[in-house]
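**Student:** predicted model and sequence follow; I will ask about them next.
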Amino acid sequence: MKEPRILIVFLLLLWGLKSTAQIQVTVKNWYLPVLADQEINVVKRLQINSKKSSALSKGELILQLDERATEVIDEIVLWYILGDSTLIKQNNIKNYTALKKVKARSGKNKISFNTKLGEGANFLWITVKIRPVKDIELPFALEFHKFQIDKQKLTSIEDVRTSMHRLGVAVRRHNQEGVHTSRIPGIITDKDGSLISVYDARYESGRDLQGHMDIGVSRSVDKGNTWLPIEVAIDMGEYGGLAQKFNGVSDPNILLDERTGDIYVAGLWMHGVIDETGTWYPGTKSGEEIWNHQWKTKGSQPGFGIQQTSQFLMVKSQDNGKTWSEPINLTAMCKKEEWWLWAPAPGHGLTLKDGTLLMPTQGRDKSGKAFSNITYSNDGGKTWKTSNAAMPRPTTECMAVELEEGRIMLNMRSNLNTTNKGPDNGRAIATTTDMGETWMEHPTSHHALIEPTCMASIHKHNYIENGAQKSIIVFCNPDSKYDRINITLKVSKDNADTWERKLLLDEGKGRGYSCITSVDEHTIGVLYESSQADLVFQRIALKDLL
């Protein structure tokens, strides 16, 4: 798909008269997930700059739908907004006026409208409502065939005429099933083909730990087209006599043992609150509730106890994610006592070729500085070991892939990128051949994959082409140095040395976290924090990434 482009076209009004008045029209395609359960799905915007206001202007535009668009689009709606380019959203639709609604039909769809044009910027938004669909994988195309205002036609718009749009499913929405906010996605494809996603179920607010939150699970048995109601994998309840809001669990990582089918989910548990001085409280201090976070000030400290440091919990499912074991606590097994924090890194883990189970992790060292590392099991999840830090510079959330020659590559969020917006902005990347005893910084580190300082996901996808085993590495993050916008898939065919292909999924602003899975040999799935819903799932055909 071509990256979105904006074409500015100047139209002479009242051609042949002495007036020099002009209309400037800017046509922009919007690339956002198109959701079937959403009334308003933005696909295009026209900005009309007028030098003077008009009492009434007559307009007409024609959209041509391809076969797939005809199959999935139920209704096309044209909206008029004066002096406001804000993206239309569900919660403020009452502020806007719909000029025209038409039922979608095959071929050309004509939309005639009357509207006032104000002096300055006027905006026409084109949105679509989608029918219930059985398959979200195939994209659809809209061709901007013709546009005119007051009989002045705009037809020469070849470079922006056709736009491709991808369907998605809102797996989690704000305030769904009693959960205020669903955040921090992880996803795997089980051995039976079902998809199992995990996330923070933040019941009372969108704020990070400490707070009332569990590790939620949503499953799909039809490759992501529909999702079952929320289940809970880790919930510490009112442990120790403290309210649930002082027993929060967050930041899940999910790992499939590809040999046995066992599924592991890790989460970070905070009991009570450790304040900025490093002192533990049961949630209140001098009669007032307090809040702190494991990454903030001294919110987690050296030691192993629940009043000293945040706890690393893990549960296991042996029935395809339907039920979960009681949590076991790995803190004393793996954490160095002097570390301030040892925690799961959100996303998914992996099974190495030799059967080793590997989960990306993160923490704070004896000085409180952030680090990324890996945690692994050589005995089928009975015992776990954690590695040395991958980088000397501060890094946090990370994910790993096993490269073709057996090296493990760790792709990390770099704290330096909070202020570094120059040419060396980029993800920190390191490799190891000895399970993290030693690390080597990769040549692409801080150069290849820009970020606004945010979690990102990386995944290795295996497939067969002409009888030969092949693989690609797929990366997903907000493709920006400054904001959590432009959720983009990037593809490498050479062991993550270069990234030649990319596919924009969501150019809107969201929280930016993501996780990728192989739905099957021919399909990639990505679950991410979208501009359109808390968590959106989209499925992309392998052929669209090669």
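**Tutor:** Cool, the structure landed. Numbering: from 1, shown residues only.
**Student:** assumed Ala69 was part of a helix.
**Tutor:** Yes: using DSSP: H, G, I helix; E, B strand; the rest coil, the assignment for Ala69 is a helix.
**Student:** relative to Pro327, how far out is the nearest residue to Met236 once chain neighbours are set aside?
**Tutor:** Residue nearest to Met236 in three dimensions, not counting chain neighbours: Asn247, with 4.2 Å by Cβ to Cβ, 6 or more residues apart in numbering. Backbone N, C-alpha and C define where each C-beta goes, glycine included. Counting by Cβ to Cβ, to the nearest Å, the gap from Asn247 to Pro327 is 12 Å.
**Student:** neighbour-wise, which of these two wins?
**Tutor:** Remark: of Asn247 and Pro327, Asn247 carries more neighbours, 25 against 22, as counted by other Cβ atoms under 10 Å.
**Student:** before we move on, back to that, separation between the residue nearest to Met236 and Glu289?
**Tutor:** Going from Asn247 to Glu289 by Cβ to Cβ gives 14 Å.
**Student:** what is in contact with Asn247 and Pro327 at once?
**Tutor:** 236, 269 (Cβ atoms under 8 Å, 6 or more residues apart in numbering).
**Student:** and Thr395, what are its bridge partners?
**Tutor:** Counting by DSSP bridges, Thr395 forms beta bridges with Ser414.
**Student:** give me the number of neighbouring residues for the closest residue to Asn495 other than its chain neighbours.
**Tutor:** Spatial nearest neighbour of Asn495, chain neighbours left out: Leu403 (5.0 Å); criterion: Cβ to Cβ, 6+ apart. For Leu403, the neighbour count with other Cβ under 10 Å is 16.
**Student:** next: Gln148.
**Tutor:** 16.
**Student:** SS state for the residue lying closest to it once chain neighbours are set aside?
**Tutor:** Among residues not flanking Gln148 along the chain, Glu60 sits closest, at 5.3 Å (Cβ to Cβ, 6+ apart). Here Glu60 is strand, with the state taken from three-state DSSP.
**Student:** so Glu60 sits against Lys151, correct?
**Tutor:** No: in this structure, Glu60 is not within contact of Lys151 by Cβ atoms under 8 Å, at 9.1 Å.
**Student:** which one of the two is surrounded by more residues?
**Tutor:** More neighbours surround Glu60 than the other of Glu60 and Lys151, with 14 against 11 (other Cβ under 10 Å).
**Student:** circling back: and the residue nearest to Gln148, how far is that from Trp125?
**Tutor:** 16 Å.
**Student:** please apply the same query to Phe537.
**Tutor:** Using Cβ to Cβ, Phe537 is found at 25 Å from Trp125.
**Student:** looking at these two, which is more packed in?
**Tutor:** Using other Cβ under 10 Å, the more surrounded residue of Phe537 and Trp125 is Phe537, with 29 against 23.
**Student:** for the particular helix or strand that has that one in it, buried residues please.
**Tutor:** If you go by DSSP states H and E, Phe537 is part of strand 535-541. Neighbour counts using 16 or more other Cβ atoms under 10 Å place 535-540 of strand 535-541 among the buried residues.
**Student:** pLDDT and distance to Gly120 for those - can I get that in TSV?
**Tutor:** Output for those, formatted as TSV (pLDDT from 0 to 100; distance: Cβ to Cβ, whole Å):
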residue	pLDDT	distance to Gly120
Leu535	99	38
Val536	99	34
Phe537	99	40
Gln538	99	37
Arg539	98	42
Ile540	98	40
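**Student:** show me which of those residues is closest to Ile458.
**Tutor:** For the buried residues of strand 535-541, the residue nearest Ile458 by Cβ to Cβ is Ile540; the value is 15.5 Å.
**Student:** and for that closest one, nearest residue in space, chain neighbours not counted?
**Tutor:** Take Ile540 and drop its neighbours on the chain: the residue closest to it by Cβ to Cβ, 6+ apart is Ile524, 4.8 Å away.
**Student:** distance of that neighbour from Gln38?
**Tutor:** Plainly put, Ile524 is 23 Å away from Gln38 if you go by Cβ to Cβ.
**Student:** related to what we said a few turns ago, now do the same for the residue nearest to Gln148: its pLDDT.
**Tutor:** Note on Glu60: pLDDT of 90.
**Student:** bridging residues for it?
**Tutor:** Going by DSSP bridges, Glu60 forms beta bridges with Ser112, Gln148.
**Student:** can you list the domains in this structure?
**Tutor:** Listed by automatic domain parsing, the domain ranges of the chain are 6-165, 169-544.
**Student:** looking at it, Arg259 is touching Leu352, isn't it?
**Tutor:** No: using Cβ under 8 Å, Arg259 is not in contact with Leu352, being 10.6 Å away.
**Student:** who has more neighbours out of Ile524 and Gln38?
**Tutor:** Applying other Cβ under 10 Å to Ile524 and Gln38 shows that Ile524 carries more neighbours, namely 25 against 20.
**Student:** roughly how far apart are that one and Lys490?
**Tutor:** Per Cβ to Cβ, Ile524 is found 12 Å from Lys490.
**Student:** common neighbours of the two, please.
**Tutor:** Counting by Cβ under 8 Å, 6+ apart, the residues touching both Ile524 and Lys490 are Val474.
**Student:** tally of neighbours for Gly467?
**Tutor:** Gly467 has 5 neighbours, counted by other Cβ under 10 Å.
**Student:** next one: it from Asp494, what distance?
**Tutor:** Going from Gly467 to Asp494 by Cβ to Cβ gives 21 Å.
**Student:** for Thr418, give me its contacts.
**Tutor:** Thr453.
**Student:** what's the pLDDT at it?
**Tutor:** Thr418 is assigned 97 on the pLDDT scale.
**Student:** output the below-cut-off pLDDT ranges for the protein.
**Tutor:** Applying pLDDT under 70 to the chain picks out residues 1-23, 83-94, 153-161.
**Student:** ok, 80 please
**Tutor:** For the chain, applying pLDDT under 80 flags the ranges 1-26, 50, 54-56, 81-97, 151-161.
**Student:** show me the helices in it, by range?
**Tutor:** Under the criterion DSSP state H, the chain contains helices at 67-72, 331-334.
**Student:** and the longest one, what does it pack onto?
**Tutor:** The reference is to helix 67-72. Judged by 3 or more Cβ pairs under 8 Å, 6 or more residues apart in numbering; DSSP states H and E, the packing partners of helix 67-72 are strand 140-149.
**Student:** and the strand it packs on, what does it pack onto?
**Tutor:** strand 22-29, strand 41-50, strand 54-65, helix 67-72, strand 152-154, strand 162-165.
**Student:** one step back: could you dump the helices of the chain to JSON lines with mean neighbour count?
**Tutor:** Output for the helices of the chain, formatted as JSON lines (neighbours: other Cβ atoms under 10 Å):
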{"stretch": "helix 67-72", "mean neighbour count": "17"}
{"stretch": "helix 331-334", "mean neighbour count": "16"}
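**Student:** wait, what's in contact with Trp340?
**Tutor:** 298, 300-302, 309, 363-366, 368.
**Student:** among these, the buried ones, what's the ChimeraX command?
**Tutor:** Here is the ChimeraX command that selects the buried residues among those (16+ other Cβ under 10 Å):
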select :298,300,301,302,309,363,364,365,368
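**Student:** which one among the contacts of Trp340 gets closest to Glu397?
**Tutor:** So of the contacts of Trp340, ranked by how close each gets to Glu397 (Cβ to Cβ), first place is Gly363, at 11.3 Å.
**Student:** fine by me, thanks again.
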